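Chemist: Following is a predicted model, sequence given first.
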Amino acid sequence: MTTRPRLAVPLVPALVAALAGAAHAQSIPTPEDHLGRPAGTDFELADWEQVSSYHRRLAAASPRVAVDVVGTTTEGREFLRTVVTSEQNLAWLDAIRADAARVADPRGLTAEERRALLERAKVVVCVSLQMHSTETAGTEFGMEFVHRLATSEEEPWRTIRDRVVVVVFPCTNPDGLDEVVSWYRRTVGTPYEGTGMLRLYQKYAGHDNNRDWFMLSQPETRIVTEQLYSVWRPQVYWDVHQQGRTRERMFVPPYRDPLNPNLDPAIIAGIDALGSRALLDLTRAGHAGVSTGVTYDMWWNGGNRNVPVRHNIIGLLTEAASVNVASPVFFAKEDLAAPRGIDGGYVPSNRFPMPWPGGWWRLRDIIDYELAFGESLLASLAREPRTWLENAIAAADRAIAAAAHDAPVAWVLPSDQADRGAVRRLADALLRGGVELRVAGAPFEADDRTWPAGSIVVDRAQPYGAHVKDLFEVQRYPDGDPPYDVAGWTLPLLLGVHRVEVIQPFEVEATGVADAAAAVAGFPVADVPDGGRSARDSDTWRDVFRRLAASETLTFSTGGTDPGAWYPGLRDEKLGTSRTVSPPRIGLYAPWSGHMREGWMRWVFDAFEVPYVRVRNEMLRAGALDDLLDVLVLPGVSSGHLGEGRESGSVFEPYARGLDPEGAVAIEEFVRRGGTVVAAGASCRFVVDLLDLPLVDVTRGKDAGDFSCPGSVLRGVPSRSPYTAGLPASVPLFFSRSAAFATKKDADDARIDVLLRYAPTRTLLSGWIRAPDRIAGEAAWLRARHGEGAVHLFGFHPQYRSWSQGTFQLLFRAMLLR
């Protein structure tokens, strides 16, 4: 009698499945089929229509792929989300999302419910592609990535589909993708191939779109934030980027020190484990030049991979070496440098075990490295899915329990504060980030202080309590190497919001709210007697600009019982000291290049409905500026760029040159005849030189000593002046390699009025500063008279990344009160 081998039975369904899988793969269009060329072809880039239509085509052909429109970009394009997993998982996505929500917030689960949850839940990983549009490999990598994940019947891809749900944002910045592709297609094969564009690749933020992940000023960041903390609540988030060309071929985690103490240690260990396994896998596969533990730290909040970590999500960043947009680049070994933070030259080290030998580097190489990382990451998650689910739920447990043994236990935003508009914006950012807010129904006591009804209470004991703590507390950067970027970001300070840390447990009758309008419903509107509105409230300024745009005349109180209030019409006889303001003609300088300071200034103007026109070099060189403008705003463009512009031969000739000499002369004549220039940050030097003002920036040159402050919140103290009427006694401002002005020794300073000084003591509020005495007491905002006009100089950037709402009104006062 013959018996069948035991393996014969399972081989039948396995063979059937393999044949079905092969047939499925053959029916699915590849990226090459769709584009008519291989992904990563030299000198070629796919635009958003090509990328988005491929994802839709893939979803139409495969039962393992789903594509949805989840929002609209800043410029009106559709924002897509692609989900790839097994057919069975795709049919149960609602249940999988519900399980992910319980992993992220396990409050109330019994031990049995928790066990069952961890048995059935699937690991969810989200992938963000090409936020920075000049990092051009991301979208075509994404096309190959989702195709391989949907079609491959090889391991580890089959197991990945069964155990992991992969959520891909095919492009996090579709507007910028189209701008970069259009410019590259225009310039490729010309002398201008690979040169910078004429505009930002995100309408307002440009590269700073990766600095918007706690403030959420842009539609794209709001869309992704909703997907992360309200829809999917993934356990892992991978942010795909590119960096410079001459160092390592790819950076993978772990990150370098310092480590922010608010981050969960097991989440950090998970980052390290996944990154280290990827380093092993890429090195074994022959991908040379991979580094780890260099350049990128885990201190700062606000980036696309940083904020998820504050939400108990493993946040991974990869940075591949770039090409020249889509043009290949060649490097001899002697052209290459070691990763930042590694001394001893371009040689092997523990953080850089196999240096790349040099040669041609192409878009296709970037895609191959990113595919290798993606395979390593997903394989690690699929091998031990319960490990990553348990890690996430335990981190949530620790975040919720932190208030029981650590302070603060909560924060209060009192309802009797001045800037209702800023509180509403803060509440909106918190709610969008998944934070729970409650509103007090009656007065209550906390830490022996009484707070009014309507105040907002933010409890520490919630899954995203660490995120709130990191935004609300005062940062103190640790000793050691100085920071290279932002060291302090205390959000209530930057917004001008009064927040109170509560140290002891307390009781309050409070109700949860779901939107920002409900959160501030109990806050009084900033009305003052006789129909006025307080300038301390951000909403007042929006109303002011609306009225001015409608050609109304307004009066600003500079003294009396309500200094710093706006009134409709002419009110001199009632107010005593006041300024009458008519609609000014405002021009915002915009160079023929993408400039983020200008972009953020436009964002402030548009958000507050400031009427303005953008003025270019050629408009200013034409002269007679008083026929066009009353106020010219220089938003932080450097003196050299203002004067010289883009070098001739580096861009199409109509866009070369700056202001010199005709435009600079026109600005001087404009001020001398009664116009107003408002300059911020790096633009101040241009104005100081142009008007020969008796000022010196004490943060530069031999007198600066060892002063340094790359990015922190400082304290400003207003002087007594009509321009500062009604301001608070201290004004938090953001200092990012900014300026501080002193009058030159023995110079006549009669035409200089200092309106805001860096505080003479306790200058630093949050972050890091070296040698603060160098700027203490010096001018942060001043007005200088020149002929019949004047200039306002802000040593800092009052529009900084949209974060510093507390200083927006200083800018508005300079433009309107003149």
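Modeler: Received the coordinates, thanks.
Chemist: what's the nearest residue in space to Gly189 that is not next to it in sequence in contact with, if anything?
Modeler: In this structure, Gly189 finds its nearest non-sequential neighbour in Phe43, 7.9 Å apart by CB to CB, 6 or more residues apart in numbering. (Each C-beta comes from the backbone N, C-alpha and C, glycine too.) With contacts defined as CB atoms under 8 Å, 6 or more residues apart in numbering, Phe43 is in contact with 188-189, 326-327.
Chemist: Phe43: helix or strand, and which one exactly?
Modeler: Secondary structure assigned from DSSP states H and E places Phe43 in neither a helix nor a strand.
Chemist: From Glu370, how far out is it?
Modeler: Computed with CB to CB, to the nearest Å, the distance linking Phe43 and Glu370 is 20 Å.
Chemist: returning to what we had before: please produce a PyMOL select command covering the buried subset of the contacts of Phe43.
Modeler: When burial is assessed using 16 or more other CB atoms under 10 Å, the buried subset of these is captured in PyMOL by this command:
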select buried, resi 188+326+327
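Chemist: Tabulate the contacts of Phe43 (JSON lines), appending secondary structure, pLDDT and distance to Arg720.
Modeler: Listed next are those as JSON lines, based on DSSP: H, G, I helix; E, B strand; the rest coil; pLDDT from 0 to 100; distance: CB to CB, whole Å:
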{"residue": "Val188", "secondary structure": "coil", "pLDDT": "98", "distance to Arg720": "59"}
{"residue": "Gly189", "secondary structure": "coil", "pLDDT": "97", "distance to Arg720": "62"}
{"residue": "Ala326", "secondary structure": "coil", "pLDDT": "98", "distance to Arg720": "58"}
{"residue": "Ser327", "secondary structure": "strand", "pLDDT": "98", "distance to Arg720": "58"}
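Chemist: of all the contacts of Phe43, which comes closest to Gly36?
Modeler: The shortest distance between Gly36 and any of those, using CB to CB, involves Ala326 and amounts to 15.6 Å.
Chemist: For Gly142, see how far away the closest one is.
Modeler: Taking CB to CB as the measure, Ala326 and Gly142 are separated by 16 Å.
Chemist: Now do the phi/psi pair for Asp527.
Modeler: Main-chain torsions, Asp527, degrees, to the nearest 10: phi -80, psi 150.
Chemist: Count residues in the vicinity of it, would you?
Modeler: Around Asp527 there are 13 other residues, counting by other CB atoms under 10 Å.
Chemist: which SSE is the nearest residue to it once chain neighbours are set aside in?
Modeler: Closest residue to Asp527 in three dimensions, ignoring its sequence neighbours and counting by CB to CB, 6+ apart: Arg533, at 6.2 Å. Taking DSSP H and E as the criterion, Arg533 maps to strand 532-534.
Chemist: Tell me which strands that strand pairs with, and in which orientation.
Modeler: For strand 532-534, the paired strands and their directions (DSSP bridges) read strand 527-528 (antiparallel), strand 565-568 (antiparallel).
Chemist: Against Ala326, how distant is Leu216?
Modeler: From Leu216 across to Ala326, the span is 31 Å (CB to CB).
Chemist: Kindly report the same for His132.
Modeler: Counting by CB to CB, the gap from His132 to Ala326 is 15 Å.
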